[in-house]
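Undergrad: sequence unknown, structure follows:
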């Protein structure tokens, strides 16, 4: 992955953060900044549009070809700097069923439990259980 691709995609998706993007020289630094913005987006009034764009960029990064090492791999970067921190934001946990399906959560179990442990992971699964009970027609 060339240095420019992740940055160019970020410029397109987050024009309001051009100043942040311009001084981040690695995708790791950018994702640390995006994680901060993600947490802020869950404060009232909730910025659903920004949350959606961050998840879209997450998906884009994870769809890029795998690099030879973790330092250069965008998906690894996103897992470390963003995904594992989602359970630290209670409102984001409540939203997880809108962005992930149950299979994704099990796939990411080790990443989530790294920060919140088994108890935190059980809380995530309870959110999914509740969501599925309240939205039986959504598949």
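TA: Yep, it's here. A quick note: this is a predicted structure, and the numbers were derived from the prediction, not measured.

Undergrad: In this protein, where is pLDDT below threshold?
TA: Along the chain, the parts satisfying pLDDT under 70 run over 1-3, 139.

Undergrad: Kindly list the longest helix within it.
TA: helix 109-134 (DSSP state H).

Undergrad: Flag every buried residue along it.
TA: Using 16 or more other CB atoms under 10 Å as the test for burial, helix 109-134 gives 111-114, 116, 120-121, 124, 127-128, 131. Where C-beta positions appear, they are placed from N, C-alpha and C, glycine not excepted.

Undergrad: Tell me the one among those residues nearest to residue 101.
TA: residue 128 (8.7 Å; CB to CB).

Undergrad: Skipping adjacent residues, who's closest to residue 125 in space?
TA: Excluding its sequence neighbours, the residue lying closest to residue 125 (CB to CB, 6 or more residues apart in numbering) is residue 105, at 7.1 Å.

Undergrad: Give me the neighbour count for residue 12.
TA: Neighbourhood size, residue 12 [other CB atoms under 10 Å]: 10.

Undergrad: going forward can the numbers begin at 2, since that is how I track them
TA: Got it, first residue is 2 now, which makes that one residue 13.
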